[in-house]
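[1] Model the following, please.
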Amino acid sequence: MRFLFWLFLLTIFPLASLAERIEVQPGQGALAQAIATARPGDDLVLGEGTYAGPVLIEKPLLLTGPHARIEGPGKGTVITVTASDVTISGITISGAGARLSDLDSGIRLLKGADRAVVESVTLDGNLIGIDVHGAKDVTIRGNRIEGRNDLRVAERGPGIYVWNAPGLKVEDNTIVKGRDGVFITTSNDAVYRRNRFSELRFAFHSMYANRIEVTGNVSRGNHMGFAFMYSTRLMVERNLSQGDANHGFFMNFANKAELRHNEVRDGGEKCLFVYNSNHNRLEANRFEGCGIGVHFTAGSESNVLAGNAFVGNRTQVKYVGTRWLEWSDVGRGNYWSDHAAFDVNVDGIADSPYRPNDSIDRLVWSQPAARLLMGAPAMQLIRWSQSRFPGLLPGGVIDSHPLASPGDAGLPQGDPS
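    So this is what the prediction gives:
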């Protein structure tokens, strides 16, 4: 009976009973041999030095080494993981190939690599930093990923590539260079928070990603900040886009999303672009310093915009459409820095509605050459007449309850800046 009892314990807790701490030193084939001879659950501690890749991890292991580098041969993927419960921590990884069609990566987490953890790792100069490809409940935390800007943009890879990885957590990473910081295609139910992005095409790029949370991230100096495409039920809160050249936030066929307390500073072409996106709620965001505050087009319907602040944009709203859109909710609209209006009763709501566009705007958008006539008396007469007789205005955006001050729009105090 005593023998059966101990056999039962070994069956239930095999990793705890067999796991060992194994110190590995550099040498020809040392890492591959250590992985091959390790037992499930072993802790492989790499000593200071360089180890040759590629390697394949097919059993649960803990791989650490704060002063160790794993160097690939310049082709393929450096570390491929197919087993569950693998942790890679504190190592520098470089030397992946440059074939985007093969998804050459520093680390690939394939189907079966469930509950993998990649933390405090430096991925240096790989085409793709980390590819999460079919693994579930993965955590990617506190890593530095530097991609390649020596290739044409179309040939570069993302810092983190995500496909079919439900339960993913990507948090507290710094991602620079390459094409996109995070690129998601066909993957739901994930959290992306407190990451930092710079020197990229898109900081964050989702395609067919539903029920994801994007919070507390910072995009600085990229071509585009946060792009949401063909994605639904998004929670996007407290993100910062600063100095991004084209768009701060880009929504294309993005539906049932909630954007709250996000901020665009020193923007480029457009702070916010909304294209054929429906049933979204944008509340308490701040859009400042762009050529266009919000470009709204392609039949986007049933969206609520309230409590936002549009500050110092050259054109606050570009709306391409003929229907009237009301941009206030339950008697609360948005703040417009160019809206000259009084608040006589001091209730925080301006005493006159805000209509950002008139027929002259629409003419210039459709016929750019008409800008040459902007100073003509006829143009000024049309614009003055419409301002005095709103019934002459074409369909467009109206904020019936504009705010007298920005209020709490934008990042809460203490959030990323």
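
[2] Three-state assignment for residue 137, please.
    Three-state assignment for residue 137 (DSSP: H, G, I helix; E, B strand; the rest coil): coil.

[3] Tell me which residues touch it, please.
    114, 115, 166, 167, 168 (Cβ atoms under 8 Å, 6 or more residues apart in numbering). Glycine gets a C-beta too; all of them are placed from N, C-alpha and C.

[4] which regions of this protein sit below the pLDDT cut-off?
    1-18, 298, 357-395, 414, 416-417 (pLDDT under 70).

[5] Can you show me the helices along it?
    2-12, 14-18, 30-37, 359-366, 377-388 (DSSP state H).

[6] circling back to that earlier point, out of the contacts of residue 137, who's nearest residue 149?
    Distance to residue 149 across the contacts of residue 137 (Cβ to Cβ) is lowest for residue 168, with 25.8 Å.

[7] Can you tell me the closest non-neighbouring residue to that closest one?
    residue 190 (4.0 Å; Cβ to Cβ, 6 or more residues apart in numbering).

[8] Pretty sure the one you found sits against residue 171.
    No: if you go by Cβ atoms under 8 Å, residue 190 and residue 171 don't touch, sitting 10.7 Å apart.

[9] Looking at those two now, which is surrounded by more residues?
    residue 190 (23 against 18; other Cβ atoms under 10 Å).

[10] list the contacts for the more buried one?
    162, 165, 166, 167, 168, 169, 170, 184, 209, 212, 213.

[11] which residues of the stretch 251-400 of the chain fall in strands?
    In the stretch 251-400 of the chain, strands defined by DSSP state E, counting those that start in this stretch lie at 258-260, 263-265, 270-275, 281-283, 286-288, 292-297, 304-306, 309-311, 315-319, 325-326, 335-336, 397-398, listed in chain order.

[12] Out of those strands, which is closest to residue 202?
    Of the strands of the stretch 251-400 of the chain, nearest to residue 202 by Cβ to Cβ is strand 270-275, at 12.8 Å.

[13] could you check the angle strand 292-297 makes with the closest one?
    Orientation of strand 270-275 against strand 292-297 (axes from the mean of the first three to the mean of the last three Cα atoms, to 10 degrees) gives an angle of 10 degrees.

[14] Quick one: distance of strand 270-275 to the chain centre.
    With Cα atoms, centre = their mean, to the nearest Å as the basis, strand 270-275 stands 15 Å off its chain's centre.

[15] Let me know the angle separating that strand from strand 315-319.
    With the same axes, to 10 degrees as the basis, strand 270-275 and strand 315-319 are set at 10 degrees to each other.

[16] what's next to strand 270-275, contact-wise?
    Taking Cβ under 8 Å, 6+ apart as the rule, strand 270-275 contacts 241, 246-253, 264, 280, 282, 285, 287-298, 300, 303, 310, 313.

[17] Tell me the buried residues within those.
    If you count burial by 16 or more other Cβ atoms under 10 Å, the buried members of these come out as 241, 246-253, 264, 280, 282, 285, 287-290, 292-296, 300, 303, 310, 313.

[18] Would you mind listing the residues in contact with the closest residue to residue 257 other than its chain neighbours?
    In space, and not counting its chain neighbours, residue 257 is closest to residue 234: 3.8 Å by Cβ to Cβ, 6+ apart. By Cβ under 8 Å, 6+ apart, residue 234 lies in contact with 206, 209, 211, 212, 213, 214, 228, 254, 256, 257, 258, 259.

[19] My read is that the third one contacts residue 233, right?
    Pointing back at residue 211 there. Yes: the pair residue 211 / residue 233 is scored as a contact, 4.8 Å apart, by Cβ under 8 Å.

[20] if I look at those two, which residues touch both of them?
    Taking Cβ under 8 Å, 6+ apart as the contact rule, residue 211 and residue 233 touch no residue in common.

[21] so residue 32 makes contact with residue 57?
    No: judged on Cβ under 8 Å, residue 32 makes no contact with residue 57 at a distance of 10.4 Å.

[22] Neighbour count: the two, which is higher?
    Neighbour count, other Cβ under 10 Å: between residue 32 and residue 57, residue 57 has more, with 21 against 15.

[23] burial of the nearest residue to that one once chain neighbours are set aside, as a residue count?
    Counting by Cβ to Cβ, 6+ apart, residue 81 is the residue found nearest to residue 57 once chain neighbours are left out, at 4.7 Å. By other Cβ under 10 Å, 25 other residues sit near residue 81.

[24] Distance-wise, check residue 81 relative to residue 282.
    39 Å (Cβ to Cβ, to the nearest Å).

[25] one step back: from residue 101, how far out is the residue nearest to residue 57?
    From residue 81 to residue 101 the distance is 21 Å (Cβ to Cβ).

[26] Run through the bridge partners of the residue nearest to the spatial centre of the chain.
    In the chain, the centroid-proximal residue (Cα atoms, centre = their mean) is residue 204; its distance is 2.7 Å. In this entry, residue 204 is beta-bridged to residue 182, residue 226, by DSSP bridges.

[27] What of residue 398?
    Beta-bridge partners, per DSSP bridges, of residue 398: residue 326.

[28] Correct me if wrong: it contacts residue 353.
    Yes: here residue 398 reaches residue 353: they are 5.7 Å apart, a contact under Cβ under 8 Å.

[29] So for those two, which sits in the more crowded spot?
    residue 398 (19 against 16).

[30] coming back round to it: and the contacts of residue 190 as CSV, adding neighbour count?
    Shown next, in CSV, are the contacts of residue 190 (neighbours: other Cβ atoms under 10 Å):
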residue, neighbour count
162, 27
165, 29
166, 13
167, 16
168, 24
169, 16
170, 30
184, 28
209, 27
212, 24
213, 15
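
[31] Make CSV out of those and add distance to residue 61.
    Listed next are those as CSV, based on distance: Cβ to Cβ, whole Å:
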residue, distance to residue 61
162, 23
165, 20
166, 23
167, 21
168, 21
169, 20
170, 22
184, 27
209, 30
212, 29
213, 30
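
[32] which of those residues lies closest to residue 219?
    Nearest member of those to residue 219, counting by Cβ to Cβ, is residue 170, at 14.3 Å.

[33] Having no further points to raise, I will conclude here.
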